[in-house]
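Participant: Okay, structure incoming, though there's no sequence with it:
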């Protein structure tokens, strides 16, 4: 009987991704290893948090409440991730002797590098692997930290929106988790895949090998940089530049001159502006690729998978394909999922229907799935 209960439909917690200018909520259903989309909703946040944080908070809470009702989500258990701007990330190498004092060293690093209080503020790390430095073998760690005040503020938003936070995650882990189930072959354990999430304010780079994260880098380059550069070139506002960028993306997909509304001169200036930022981003990603290749020698990088709203920028992707020494593709995080709920309608309004901007929300809703699978296997072995 116990084994049969575990085979029944299991509704996952709501995965809530509160971005700089978008909120995305998704909820998945797992049944016999099959994943279906129970609910998914998104909405744009029109106010900048930096301009009026209290007004931004009120709008975010009201938006979450509205999406919850509109999407007919089941229960209020929620897994969310801390905003990228609140998260501190760095890499750290320890000798064998230092590894015995890992916690003490991490506390010191958090205090010195991030100016946080290791006794009150949150910190955690993952072991990326062993690396050779000179004649020594050292342990490479990726360290994460966030102030307790930022965490409390985030939880407050969830609770005021009527949600029950059952777990908090960090964006790099959620991003990796949304694709982890696809990399379980033997060759995936040896080769690395690079996930590049281009958000409005930040680009997050995560190297994964098999089922492990081995390197994380966060860059303060995102969609807003493209808007600012285009706005500067054309003498318009950032908002107007964003609208023009979307028009350019749509025209590039259509590729018919009679349907193009942007004149040739404006188009070229936009291409130049977008290319400038894209070249900078490509350079930073190339440095990460080089760091990984030197640090984890003999581990091949298979390809780079792009997620986030900025991944629909065709000019950027073309530059990445030319400059990165690996294959480049846009993510499809919903690939293999069933859309049995006819009310789910997140589709095709942007970006060829690939929905790569949903990767983080999906990864949040999937948190804890490995533990469920392990429990099922244990129960089945006893029945």
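Facilitator: That came through fine. On a predicted model such as this, the values are computed, not experimentally measured, just so you know.

Participant: doesn't residue 176 make contact with residue 208?
Facilitator: Yes: at 5.0 Å, residue 208 counts as touching residue 176 under the criterion of Cβ atoms under 8 Å. C-beta coordinates here come from the backbone N, C-alpha and C atoms, glycine included.

Participant: can you map out the helices along the stretch 251-383 of the chain?
Facilitator: Under the criterion DSSP state H, counting those that start in this stretch, helices of the stretch 251-383 of the chain are mapped to 264-295, 314-323, 359-365, 369-382.

Participant: and stretch 211-219, average pLDDT?
Facilitator: For stretch 211-219, mean pLDDT is 92.

Participant: in this protein, which ranges drop under the pLDDT threshold?
Facilitator: Flagging of the chain using pLDDT under 70 yields the residue ranges 1-9, 183-190, 253-260, 340-343, 345-353, 370-383.

Participant: what does stretch 57-76 contact?
Facilitator: 11, 13-14, 16, 18, 23, 25, 27, 38-43, 45-47, 157-158, 160-164, 343-344 (Cβ atoms under 8 Å, 6 or more residues apart in numbering).

Participant: What are the buried residues along that stretch?
Facilitator: 57, 59, 60, 61, 63, 64, 67, 68, 71, 73, 76 (16 or more other Cβ atoms under 10 Å).

Participant: Nearest to residue 280 among those residues?
Facilitator: residue 60 (30.2 Å; Cβ to Cβ).

Participant: What's the separation between that closest one and residue 250?
Facilitator: 28 Å (Cβ to Cβ, to the nearest Å).

Participant: same deal with residue 152?
Facilitator: 42 Å.

Participant: again, but for residue 242
Facilitator: 13 Å.

Participant: the more surrounded of these two?
Facilitator: Neighbour count, other Cβ atoms under 10 Å: between residue 242 and residue 250, residue 242 has more, with 18 against 15.

Participant: give the contact list for the more buried one.
Facilitator: Shown in contact with residue 242 (Cβ under 8 Å, 6+ apart): 223, 227.

Participant: Let me know the secondary structure of it.
Facilitator: helix (DSSP: H, G, I helix; E, B strand; the rest coil).

Participant: My guess is residue 223 contacts residue 310. True?
Facilitator: Yes: using Cβ under 8 Å, residue 223 is in contact with residue 310, at 4.6 Å.

Participant: Can you check which residues contact both of these two?
Facilitator: Joint contacts of residue 223 and residue 310 (Cβ under 8 Å, 6+ apart) are 198, 199, 200.

Participant: List just the nearest of these to residue 148.
Facilitator: For the shared contacts of residue 223 and residue 310, the nearest to residue 148 is residue 199 (24.1 Å; Cβ to Cβ).

Participant: Do I have it right that that closest one meets residue 311?
Facilitator: No: counting by Cβ under 8 Å, residue 199 sits too far from residue 311 to count as a contact (10.0 Å).

Participant: Surely residue 78 is in a strand?
Facilitator: Yes: assignment of residue 78 by three-state DSSP places it within a strand.

Participant: quick one: it and residue 154, what's the gap?
Facilitator: Following Cβ to Cβ, the distance that separates residue 78 from residue 154 is 11 Å.

Participant: who has more neighbours, those two?
Facilitator: More neighbours surround residue 78 than the other of residue 78 and residue 154, with 26 against 19 (other Cβ under 10 Å).

Participant: separation between the more buried one and residue 172?
Facilitator: Taking Cβ to Cβ, one finds residue 78 at 19 Å from residue 172.

Participant: Residue 205 - that's part of a strand, no?
Facilitator: Yes: counting by three-state DSSP, residue 205 is part of a strand.

Participant: okay, now the nearest residue to it once chain neighbours are set aside: neighbour count?
Facilitator: In space, residue 205 comes closest to residue 217 once its chain neighbours are excluded; the distance is 4.4 Å by Cβ to Cβ, 6 or more residues apart in numbering. By other Cβ under 10 Å, the residues close to residue 217 number 21.

Participant: Give the partner strands of the host helix or strand of residue 217 in its sheet and their orientations.
Facilitator: Element membership for residue 217 (DSSP states H and E) is strand 212-219. Looking at strand 212-219 with DSSP bridges, its partner strands are strand 203-209 (antiparallel).

Participant: Please compute how far the strand it pairs with lies from its chain's middle.
Facilitator: 9 Å (Cα atoms, centre = their mean, to the nearest Å).

Participant: do the same with stretch 275-289
Facilitator: On Cα atoms, centre = their mean, the centre of stretch 275-289 falls 18 Å from that of its chain.

Participant: Would you indicate which residues of that stretch are buried?
Facilitator: 275, 277, 278, 281, 282, 285, 288, 289.

Participant: And for the helix or strand harbouring residue 156, what's in contact with it?
Facilitator: Here residue 156 sits within helix 148-160, counting by DSSP H and E. Helix 148-160 has contacts (Cβ under 8 Å, 6+ apart) with 16, 18, 57, 60-61, 64, 78, 80, 82-83, 86, 117, 120-122, 164-165, 168.

Participant: Can I have the buried ones of these as a PyMOL selection?
Facilitator: Buried residues within the contacts of helix 148-160, by 16+ other Cβ under 10 Å, are selected in PyMOL with:
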select buried, resi 16+18+57+60+61+64+78+80+82+83+86+121+122+165+168
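
Participant: From the contacts of helix 148-160, which land in helices?
Facilitator: Those of those mapping onto helices are 57, 60, 61, 64, per DSSP state H.

Participant: out of those, who's nearest residue 354?
Facilitator: residue 64 (25.0 Å).

Participant: thought residue 344 was touching residue 37?
Facilitator: Yes: counting by Cβ under 8 Å, residue 37 is a contact partner of residue 344 at 5.3 Å.

Participant: what touches both of the two?
Facilitator: Joint contacts of residue 344 and residue 37 (Cβ under 8 Å, 6+ apart) do not exist.

Participant: that older thread, so what touches the strand holding residue 217?
Facilitator: 84, 87, 89, 91, 126, 128-129, 140, 142, 172-173, 176, 192, 202-208, 281, 284, 288, 291-292, 295-296.
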